[in-house]
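[1] sequence and predicted model, in that order:
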Amino acid sequence: MLVPTSQIRNTSVGRPDQEQFEHEVNLHGFGCRIFMFFFYISNIVAVDGKSQTFGRVLNPIKLGLKQEKLSHFRVYWHDIVSGPNPTSIRVAGAPSTNKSKTGFGAIVMIDDPLTEGPELSSKLMGRAQGFYASAGVNEVAALMNMNFAFMVGKYNGSTISIMGRNKVLTEVREMSIVGGSGLFRFARGYVEARAKKLDYKTGDATVEYNIYVFHY
């Protein structure tokens, strides 16, 4: 005798239907857990997103910054163009650069030694790494962009970033300190450059740099 399916579902002996029911309950529970997991994650992202801002005020003490101080350093910058191991090399220029009376357009990459005294043989204090470019059409003026990377004492590994206009034939040239790293984080100030020696035949030059820098 054939029994309608609806009657089988209603009988107490309908074991397959009970297993199906339990299976559906388990699936429902699993689905709820998945939903709650993603709901929880989305809430975390949303809350975290609200806490992230483009800019905020910080307490300098949290960065280890204490009292700002003014320091003075003096080093000698040696721009070596001649010889088998130059530290100053022209890397670019315009077609008209060689015809320019000021060398306008020339770009020179440097890794110049910084020494304690005016002689190249004196103690090495660091390196001046960066470039300078001839930026004057009618006068000899250079754009200086370099890092003074120190190599001695507690300043080993710290840098001062210098950028500015260097009117080469002026007795004293002043350029800006625009930043720094290591012990010179948040550095600001200026440098004064004075020519000590210039060899017009080779192009080699020694310049005294007095550095006045605010730092922490």
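    Thanks, I have the structure now.
[2] drop to CA atoms for contacts and neighbour counts, all remaining ones
    Fine.
[3] residues contacting the spatially most central residue of the chain?
    Centroid-nearest residue in the chain: residue 181, 8.8 Å away (criterion: Cα atoms, centre = their mean). Taking Cα atoms under 8 Å, 6 or more residues apart in numbering, we find residue 181 in contact with 158, 159, 160, 187.
[4] do that again at 7 Å, thanks
    Residue 181 sits next to 158, 159, 160 when contact means Cα atoms under 7 Å, 6 or more residues apart in numbering.
[5] what are the bridge partners for it, then?
    The residues listed as beta-bridge partners of residue 181 by DSSP bridges are residue 159.
[6] and it, what's its pLDDT?
    pLDDT recorded at residue 181 is 98.
[7] how about the one 4 residues further on?
    pLDDT, the model's per-residue confidence, is 95 for residue 185.
[8] check residue 51 too.
    We have a pLDDT of 57 for residue 51.
[9] and if you look at residue 58?
    For residue 58, the pLDDT comes out at 87.
[10] same thing with the one 5 residues further on?
    Looking at residue 63, its pLDDT reads 84.
[11] give me every residue that touches it.
    Contacts for residue 63 (Cα under 7 Å, 6+ apart) come out as none.
[12] same question for residue 196.
    206, 207, 208.
[13] hey, where'd the strands end up in this protein?
    69-79, 88-92, 107-115, 124-134, 141-150, 159-167, 173-181, 188-198, 205-215 (DSSP state E).
[14] show residues contacting stretch 116-123.
    Here stretch 116-123 makes contact (Cα under 7 Å, 6+ apart) with 75, 76, 115, 124, 125.
[15] redo that, cut-off 6 Å
    For stretch 116-123, contacts defined as Cα atoms under 6 Å, 6 or more residues apart in numbering pick out 75, 76, 115.
[16] just stretch 73-80 next, same as before
    Applying Cα under 6 Å, 6+ apart, the contact partners of stretch 73-80 are 86-88, 112-116, 118, 204-211.
[17] roughly how far is it from the heart of the chain?
    24 Å (Cα atoms, centre = their mean, to the nearest Å).
[18] ok, now stretch 204-216?
    In terms of Cα atoms, centre = their mean, the centre of stretch 204-216 is set 21 Å apart from its chain centre.
[19] contacts for that stretch?
    The contact list for stretch 204-216, computed with Cα under 6 Å, 6+ apart, reads 65, 67-81, 184, 187-198.
[20] need the contact list for residue 70.
    213, 214 are the contacts of residue 70 under Cα under 6 Å, 6+ apart.
[21] quick check, nearest of the contacts of residue 181 to residue 139?
    Taking Cα to Cα as the measure, residue 160 is the one of these closest to residue 139, at 27.7 Å.
[22] hey, what's residue 150 bridged with?
    Applying DSSP bridges to residue 150 gives these bridge partners: residue 126.
[23] of all the strands of the chain, which lies closest to residue 53?
    With Cα to Cα, the closest approach to residue 53 among those belongs to strand 173-181: 24.7 Å.
[24] okay, angle between that closest one and strand 159-167 too, please.
    160 degrees (axes from the mean of the first three to the mean of the last three Cα atoms, to 10 degrees).
[25] list the buried ones in strand 173-181?
    173, 174, 175, 176, 177, 178, 179, 180 (16 or more other Cα atoms under 10 Å).
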